[in-house]
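*Asks:* Provide a 3D model corresponding to the input given below.
(2 chains)
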2 protein chains.
Amino acid sequence: MGNLQSNMQHCKFEVPEIIFGRGLLNQIGACARRLGGHKVLLVSDQGLFSAGWVDKALKHIVEAGLKVVLYDNVTSNPKDVEVESGALEYVRHGADVIVGLGGGSAMDAAKGIAILVSNGGRIRDYVGPDKIIRPLPPLVLCPTTCGTGSDVSQFAIINDTEQRCKLTIMSRCVAPDISLTDPDTLETLPDEFVCTTATDALSHALEAFFSVASTSLTDVHAIKALRLVSQSMVEAVKERRPQDLENLARASLHAGMAFSNSLLGIVHALAHPIGGLYDANHGSINAILLPEVVKYDIPVVTEKLPELAWGLGRRTDGNVDVASDIIQEILVEMLEAAGAPRSLRSIGVKREDLPELAKRALKDVCIVTSPRQADAQDLLAILERAY
Amino acid sequence: MGNLQSNMQHCKFEVPEIIFGRGLLNQIGACARRLGGHKVLLVSDQGLFSAGWVDKALKHIVEAGLKVVLYDNVTSNPKDVEVESGALEYVRHGADVIVGLGGGSAMDAAKGIAILVSNGGRIRDYVGPDKIIRPLPPLVLCPTTCGTGSDVSQFAIINDTEQRCKLTIMSRCVAPDISLTDPDTLETLPDEFVCTTATDALSHALEAFFSVASTSLTDVHAIKALRLVSQSMVEAVKERRPQDLENLARASLHAGMAFSNSLLGIVHALAHPIGGLYDANHGSINAILLPEVVKYDIPVVTEKLPELAWGLGRRTDGNVDVASDIIQEILVEMLEAAGAPRSLRSIGVKREDLPELAKRALKDVCIVTSPRQADAQDLLAILERAY
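*Replies:* Here you go, the predicted structure:
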């Protein structure tokens, strides 16, 4: 725990302006205008379009007195080519503010477009920490799932379609100016995505809490996110009550505030190469890996376990062994009850790829803040257990 | 609780970039330079100068390659005239970035100077919410006490020396670009100020938690601040261990993040006119009023009491009556053990002024978010009990 303790002495914490509340999608145009915009590039996807939210957003943007161009060709695990054609649209139409409406894919694509229109080049030029030189255009991000955290985070994840890998871009520049969440948008989210995006938030919160870069400023948000997910994930999937969906949207926000500042760990370090190679659902991958990584991490984060158990709604009277057992039980119970997939095999991962995936994970930026060191053998063992 | 519940649906949350850690005063120049500054106006006070921190700050600013002008004439309850002469210094020397180093007084003066140099006029022209039109120069604030929260807040409080009242300026513009806390600076803070500034943080956290504008985003920080104050306030005053002082600096930060976004209540609505009329210590006034205001508020915030008791380190098994008693006991015990003053009489308030103070408090912006409505009679009764 020495490393963890010494890191807790020095905190950095940065989040965008946050607006959250039911019905507040009607502020989307006002937000873009307040940032000085006249013509919006609205970045979204076909699912949001079909559910009617894109039309609502367009209406609110026009009502705020702004012009708007729609770019809704983003797909899940957003691709470099989509980002490039979105950037072309922005330039071609003379837009001056970008609004992303959707899940992590639409929002990360919006970030990628913002990078290219002000910095030029290819999106892969910006991989790694702090590669962006010129300031981005004003950016408003509106999440419509329960898990990404992209609306507050300093990360953008884009798929490189040539190399079939995920590009992780990390810079304070890619945090938006405004994060605007209207939990009403979750009401049209398919059940399957309620589960997988909530498990993404769960994973963000747990990894942020265990991270060697966690601080009291991030821990309070990680614990709040865990509390909300444990209260509402299973119910939200099964009964879809608006209050549970709102709790998950709020959990996603808290988890995002935590992980954007404390970074992540092995779950995400492994999930990125898997998502890059198979175009598989990010939340599903996390759900599968999380119990195995928590088991791996627990021996080095024992001091934090009682607070974590409390966050999950259980009292342990400070007993670390009790907390350790309870946490692992609750996790597996929650994931099973919510219907999350439980094996890498079930989502199409090939066994012969596991060594290469472990090797690629060692190069992912998320591995740096893992509380427990891991080499290729350790990562392969985790993948085997999750297979 | 209807009002409270409905307000919790809509959140707004905004905090500056935060940097916190022992020894990080050495980043003060780098922060000013990163904001584009070339010549710093360093705003501080005589206490900080005598303790040697001003010289250290000057050295770090020069080492970062910047020029610097010192303005260290700020007194406690900073005066309009001090702000005006600081603004003159800024203009006369052609400064382009402002750094405030000190307690709430130095930091609020730095904010006032920033307002005047970019917006002109007198500081009283900016009283109330959102009266500032033009953007302020870059601003770095470095707190050196355990309580103000000015380094993250959207408030500046300046004394109007003609009308002998406090001017409350409230605008997102007055939150700085960077909040930089080096808890080492607390080591030279006189015992009396450790106590009074920590009680200011305690009051910020409690009022933010009870505020009708509180949300999950502010509650997590309020509760963390309460936990840290209850762990470390008495010990910090008596034994001055660095870890306890750091906990209080951290508590001040968490409490500031909470109250800047949820606003405050009756304690501060009353403390502002008292501070304006008598030039009395702000933390002392809060310490005296807090137990009485908490008693007044408790009937309308019962749902929040068990979590509050937990924040203060006590378990109540969700029992509201137990929590209510425990909270009031702990508060009084803590304030007594830390040596806080306990009556308005003891700090020089005149009994015949109480009705006028109650009347003025009704016009203070902090009254708006009080969980329990209060008229002049209610406020007078609170003042009488605290007399």
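*Asks:* any idea which helix or strand carries whichever residue of the stretch 101-250 of chain A sits closest to chain B?
*Replies:* The nearest approach of the stretch 101-250 of chain A to chain B comes at A:V220, 4.0 Å away (C-beta to the nearest C-beta). Placement of C-beta: from N, CA and C, glycine included. For A:V220, the element it lies in under DSSP states H and E is helix A:216-239.
*Asks:* same deal with A:K166?
*Replies:* strand A:165-170.
*Asks:* residues in contact with that strand?
*Replies:* For strand A:165-170, the external contacting residues (C-beta atoms under 8 Å, 6 or more residues apart in numbering or on different chains) are A:77, A:80, A:111-112, A:115, A:123-124, A:126-132, A:154-160, A:272-273, A:275-277, A:360, A:364-366.
*Asks:* can you say which of those are buried?
*Replies:* A:77, A:80, A:111-112, A:115, A:123, A:126-127, A:132, A:154-160, A:272-273, A:275-277, A:360, A:364-366 (16 or more other C-beta atoms under 10 Å in any protein chain shown).
*Asks:* dump the residue contacts of A:A280.
*Replies:* With C-beta under 8 Å, 6+ apart, A:A280 has these contacts: A:I274, A:I347, A:G348, A:V349.
*Asks:* ignore the last one, A:V97
*Replies:* Taking C-beta under 8 Å, 6+ apart, we find A:V97 in contact with A:32, A:35-41, A:66, A:137-140.
*Asks:* quick one on the thing from earlier: may I have the strands that pair with the strand holding A:K166, each with its orientation?
*Replies:* strand A:128-129 (parallel), strand A:155-160 (antiparallel) (DSSP bridges).
*Asks:* okay if I get those as JSON lines plus mean pLDDT?
*Replies:* Converted to JSON lines, the strands paired with strand A:165-170 look like this (pLDDT from 0 to 100):
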{"stretch": "strand A:128-129", "mean pLDDT": "82"}
{"stretch": "strand A:155-160", "mean pLDDT": "94"}
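*Asks:* tabulate these (CSV), appending distance to B:V174.
*Replies:* As requested, those are arranged in CSV below (distance: least, C-beta to C-beta, whole Å):
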stretch, distance to B:V174
strand A:128-129, 31
strand A:155-160, 30
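*Asks:* host element of the residue most central in space within chain A?
*Replies:* Nearest to the mean C-alpha position of chain A, by C-alpha atoms, centre = their mean, lies A:T148 at 2.9 Å. Per DSSP H and E: A:T148 is located in neither a helix nor a strand.
*Asks:* what's the answer for the one 3 residues further on, then?
*Replies:* Take DSSP H and E as the rule and A:D151 turns out to sit in neither a helix nor a strand.
*Asks:* any figure for the gap between it and A:A110?
*Replies:* 10 Å (C-beta to C-beta, to the nearest Å).
*Asks:* out of those two, which sits in the more crowded spot?
*Replies:* A:A110 (34 against 28; other C-beta atoms under 10 Å in any protein chain shown).
*Asks:* tell me which helix or strand the residue of chain A lying at maximal distance from its centre sits in.
*Replies:* The outermost residue of chain A, judged against the average C-alpha position, is A:D317 (32.4 Å), by C-alpha atoms, centre = their mean. Following DSSP H and E, there is no helix or strand that holds A:D317.
*Asks:* pLDDT value on it, please?
*Replies:* Among the per-residue scores, A:D317 shows a pLDDT of 82.
*Asks:* ditto for the one 5 residues further on
*Replies:* Model confidence at A:V322, given as pLDDT, is 91.
*Asks:* grab the nearest non-local neighbour of it.
*Replies:* A:T316 (4.6 Å; C-beta to C-beta, 6 or more residues apart in numbering or on different chains).
*Asks:* equivalent analysis for A:G21, please.
*Replies:* Nearest to A:G21 is B:H10, by C-beta to C-beta, 6+ apart, at 3.4 Å.
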